[in-house]
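Q: the following block contains a protein sequence and its predicted model.
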2 protein chains.
Amino acid sequence: MTIKVGIIGGGQLGRMLALSGAPLGMQFTFLDPGEAPCATVAGRHIRAAFDDLPALEALCDENDVVTFEFENISAEALDTLSARELYPPVAALRAAQERKHEKQLFESVGIPVAPWRAINSQADLDQAVADLGLPLIAKTRTLGYDGKGQTRLQQADEATDLFTQMGSVPLLVERLVSFDSELSIIGTRARDGDVVIYPLTRNWHRDGILHRSECTDPGNTLRRQAHRHFQALTEALDYVGTLALECFVCDSLLLGNEFAPRVHNSGHWTQNGTLCSQFENHLRAVTGLPLGHSLHARPAGMLNLIGQLPDQTHVLRQPDCYWHGYDKTGRPGRKIGHINVVSSDQKRVAERLDTLERELGLSR
Amino acid sequence: MTIKVGIIGGGQLGRMLALSGAPLGMQFTFLDPGEAPCATVAGRHIRAAFDDLPALEALCDENDVVTFEFENISAEALDTLSARELYPPVAALRAAQERKHEKQLFESVGIPVAPWRAINSQADLDQAVADLGLPLIAKTRTLGYDGKGQTRLQQADEATDLFTQMGSVPLLVERLVSFDSELSIIGTRARDGDVVIYPLTRNWHRDGILHRSECTDPGNTLRRQAHRHFQALTEALDYVGTLALECFVCDSLLLGNEFAPRVHNSGHWTQNGTLCSQFENHLRAVTGLPLGHSLHARPAGMLNLIGQLPDQTHVLRQPDCYWHGYDKTGRPGRKIGHINVVSSDQKRVAERLDTLERELGLSR
């Protein structure tokens, strides 16, 4: 009853997938160009570039199912493998890789978005400033993550020559909405269409990188929108696996920002706050096993550890704190671990996160 | 901040230790004579006999701390390594390996036991039958596990020649008490003497092998005895790590039966029923990290999978069931996995276990 799972990408998401999948009887192989990617603690390693077709073919041949933990990989390469069991679907990867396709997809399934324009020239950019007004945010359409490839436009003169400054590549500009909070909707869809949606997660970013998450109940109105959006998006994509949809809360409206066709940093709290994490449910979905429905969710939150690790002993001494290190070398801006906090109510979770930030020197 | 942990033994207990320790930043090496022991899914493998001194030295040299997951190993060999960080203490291993030492230890710390005699000859055995009366149970003093090396004596004529039949090795006989239930007390003691005790566990055996466990609250009287016994035993041994003390409940008295100086099958439910399992707490203890105190225990239970695996899909379809496979080949009497059940109350846990037993064909 061993199920062999191939994973494209060998980072911390792959690592946590493997650690959660081993008890289910799964064995893992990672395709990753790195010398000793941290996921290989619990699996084999095929060292190859993400678009190395023979290596991708080998990954498919040696495994019952293939998935990915990283989305800057070649959809074209994956398409050549389309006869295999490969989840999530390549169409989801493709849409998440290109901001214009992503916005169009959101609109097509009824997820409201901030006003936006696709930009292919400086003239397009000038027209967008005139149409949408300021402030705007300009983003490269591909290869953006953790806030990279983004520029804010506050004043009209900042737009002059911006297209060239951003590399003369296709851009997308959107109205910079003033939002109340950032929410992500994490859930999993099975091969048979069964869906599990976790409690919603509120996120705080710093320098474009996720800093802190707390699970949250934003009330019926927003929760209903969130569930509808998740259902609509995953149905449209005939999605299989865990997906994260990131939204802005503007008054009582959820605006879709972007989505990730994979397990997501803002869902890491599910490791300790539920009995079937986003990782286990992703694996159950892609291998065709039933989803874990009895989530037993508890008030929880997460703090990312970026650049360097704080004092582990101090953290473990706090009741309700759970440590997740990725066995990665620290360097500025690099995610190398996270701390999950679980408590009896959400207010205590927030207080513990506040205290941890202060004590570990992570406050600003 | 990587902590290197060497583990003597590479079975499922080692496997579950490694899977729970990886997030804490630990790396594992297993010493085991097997070709591909199931623990090595998440660690290096030194293939050597358990009493291979150079291999044991290498394990010590390459790791910050050494522990064991299996107690039929040579205490003498470990003693030669006594300058190293090795937990639990060898004295605990030695006491658990020899039933006479074990009983004497229990008595010395105030844990009541059934009347017993040490037997070195047929004459000793005849005298014990006369002193203690029948029924008795005769056990080899060393190398017993899962009910092996045990014989019940119901009638006087069964004692004739029994010493020879059991191999003319040192035995221990004890009065066969009629007990209400079997309980185990699982807990962890840190290097600084800090102790965590999990909710008590009720156990059911079949053919001497653990079949089913449920966490249980047997009331104040028994719980107080259990905690006192655990504290007394671990203090006397200056114990470090997770320990399981197995007892019989006779009316309102706990009688000590035996103990295991390691993580234990009857504590597997802590993987899903608490936020810091017996495995994580064992590792925290032996590496000198603070124990996980906020156990958030939930009503839970466990069913062992012995010999062959049942239908996984059926199990995962049940709400509240969690699958733990060991990636071991099935054969009669071999433990190859377990199912944890977690629910909102203990009665539902028992009902779910009943249903699973019936549906999976594990009932008798």
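A: Happy to help now that I have it.
Q: just want the most central residue of chain A.
A: A:His264 (3.3 Å; C-alpha atoms, centre = their mean).
Q: near chain B, which residues of the stretch 201-350 of chain A? Just list them.
A: Counting by C-beta under 8 Å from any C-beta of the partner chain, the stretch 201-350 of chain A comes close to chain B at A:272, A:275-276, A:284, A:289-290, A:292-294, A:296, A:298, A:309, A:312-313, A:316-317, A:319-320, A:322-325, A:327, A:337, A:342. C-betas here are computed from N, CA, C, even on glycine.
Q: any of these buried? List them.
A: Buried members of those, counted by 16 or more other C-beta atoms under 10 Å in any protein chain shown: A:272, A:275-276, A:284, A:289-290, A:292, A:294, A:296, A:298, A:309, A:312, A:316, A:319-320, A:322-325, A:327, A:337, A:342.
Q: in the stretch 1-150 of chain A, what residue comes closest to chain B?
A: A:Gly25 (3.8 Å; C-beta to the nearest C-beta).
Q: burial measure for the closest residue to A:Gly187 other than its chain neighbours, as a count.
A: Excluding its sequence neighbours, the residue lying closest to A:Gly187 (C-beta to C-beta, 6 or more residues apart in numbering or on different chains) is A:Ile197, at 3.8 Å. For A:Ile197, the neighbour count with other C-beta atoms under 10 Å in any protein chain shown is 18.
Q: list the contacts for A:Ile197?
A: A:Ile185, A:Ile186, A:Gly187, A:Ala226, A:His227, A:Phe230 (C-beta atoms under 8 Å, 6 or more residues apart in numbering or on different chains).
Q: look up how far chain B lies from it.
A: 16 Å (C-beta to the nearest C-beta, to the nearest Å).
Q: so what pLDDT did that residue get?
A: Looking at A:Ile197, its pLDDT stands at 97.
Q: so what's the backbone phi/psi at it?
A: A:Ile197 adopts backbone torsions of phi -120, psi 130, taken as degrees, to the nearest 10.
Q: ok, back up a step: tell me which element the residue lying closest to the residue nearest to the centre of chain A once chain neighbours are set aside falls in.
A: Of all residues not flanking A:His264 in the chain, A:Ala244 sits nearest, at 3.3 Å (C-beta to C-beta, 6+ apart). A:Ala244 belongs to strand A:241-250 when elements are defined using DSSP states H and E.
Q: got the buried residues for that strand?
A: A:Gly241, A:Thr242, A:Leu243, A:Ala244, A:Leu245, A:Glu246, A:Cys247, A:Phe248, A:Val249.
Q: go ahead and confirm the second one touches A:Gln278.
A: The reference is to A:Thr242. Yes. A:Thr242 is within contact range of A:Gln278, at 4.7 Å (criterion: C-beta atoms under 8 Å).
Q: ok, A:Gly307 - contacts?
A: Contacts of A:Gly307 by C-beta under 8 Å, 6+ apart are A:Gly330, A:Arg331, A:Pro332, A:Gly333, A:Arg334, A:Ile336.
Q: A:Val342 versus the last one, what's the distance?
A: When you say that, I think you mean A:Ile336. According to C-beta to C-beta, to the nearest Å, A:Ile336 and A:Val342 sit 21 Å apart.
Q: tally of neighbours for the nearest residue to A:His229 once chain neighbours are set aside?
A: For A:His229, ignoring the flanking residues on the chain, the nearest one in space by C-beta to C-beta, 6+ apart is A:Ile111 at 4.8 Å. By other C-beta under 10 Å, 23 other residues sit near A:Ile111.
Q: swap in A:Arg364?
A: What A:Arg364 shows, counting by other C-beta under 10 Å, is a neighbour count of 5.
Q: quick check, the residue in the stretch 151-300 of chain A closest to chain B?
A: Closest point on the stretch 151-300 of chain A to chain B, by C-beta to the nearest C-beta, is A:Ser294, at 3.9 Å.
Q: now do the end-to-end distance for stretch A:37-47.
A: Stretch A:37-47 has an end-to-end distance of 9 Å (C-alpha to C-alpha, to the nearest Å).
Q: do that stretch and chain B meet?
A: Yes. With C-beta under 8 Å from any C-beta as the measure, stretch A:37-47 is seen reaching chain B through A:Val41, A:Ala42.
Q: all helices of the stretch 51-200 of chain A, in order?
A: Using DSSP state H, counting those that start in this stretch, the helices of the stretch 51-200 of chain A run over A:53-62, A:75-79, A:90-97, A:99-108, A:122-132, A:162-165.
Q: which of the residues in the longest one are buried?
A: Neighbour counts over helix A:122-132 (16+ other C-beta under 10 Å) mark A:Asp124, A:Leu125, A:Asp126, A:Ala128, A:Val129, A:Leu132 as buried.
Q: ok, now which ones touch the fourth one?
A: Residues in contact with A:Ala128 (C-beta under 8 Å, 6+ apart) are A:Arg117, A:Ile119, A:Leu136, A:Val173.
Q: looking at the buried residues of helix A:122-132, which is nearest B:Cys60?
A: A:Leu125 (65.2 Å; C-beta to C-beta).
Q: for stretch A:174-184, measure first residue to last.
A: 19 Å.
Q: any idea how far it is from the chain center?
A: 17 Å (C-alpha atoms, centre = their mean, to the nearest Å).
Q: what pLDDT, on average, does that stretch get?
A: 93.
Q: quick one: buried residues of that stretch?
A: Applying 16+ other C-beta under 10 Å to stretch A:174-184 flags A:Glu174, A:Arg175, A:Leu176, A:Val177, A:Phe179, A:Glu182, A:Leu183, A:Ser184 as buried.
Q: which residues touch the residue nearest to A:His211 when sequence neighbours are not counted?
A: With sequence-adjacent residues excluded and distances taken as C-beta to C-beta, 6+ apart, A:His211 is closest to A:Trp204, at 5.1 Å. Residues near A:Trp204 by C-beta under 8 Å, 6+ apart: A:Glu182, A:Leu210, A:His211, A:Arg212, A:Ser213.
Q: the residue nearest to A:Phe50 when sequence neighbours are not counted and A:Ala48: what is the separation?
A: Leaving out its chain neighbours, the residue that sits closest to A:Phe50 by C-beta to C-beta, 6+ apart is A:Ile73, at 4.3 Å. Distance of A:Ile73 to A:Ala48, given as C-beta to C-beta: 12 Å.
Q: A:Ser294 is in contact with B:Tyr322, isn't it?
A: No. With contact defined as C-beta under 8 Å, A:Ser294 does not reach B:Tyr322; the gap is 9.5 Å.
Q: mutual contacts of these two, please.
A: A:Leu275, A:Cys276, B:Val342.
Q: and of those, the nearest to A:Gly21?
A: A:Cys276 (12.0 Å).
Q: need the contact list for the residue lying closest to the closest one once chain neighbours are set aside.
A: Of all residues not flanking A:Cys276 in the chain, A:Gly292 sits nearest, at 2.6 Å (C-beta to C-beta, 6+ apart). Counting by C-beta under 8 Å, 6+ apart, A:Gly292 touches A:Val196, A:Leu275, A:Cys276, A:Glu280, A:Asn281, A:Arg284, B:Leu316, B:Tyr322.
Q: thought the first one was touching A:His293?
A: Yes. Taking contact to mean C-beta under 8 Å, the distance of 5.9 Å between A:Val196 and A:His293 places them in contact.
Q: what do these two both touch?
A: With C-beta under 8 Å, 6+ apart as the test, A:Val196 and A:His293 both reach A:Cys276.
Q: from memory the residue nearest to A:Phe50 sits against A:Leu93, does it?
A: Yes. Using C-beta under 8 Å, A:Ile73 is in contact with A:Leu93, at 7.3 Å.
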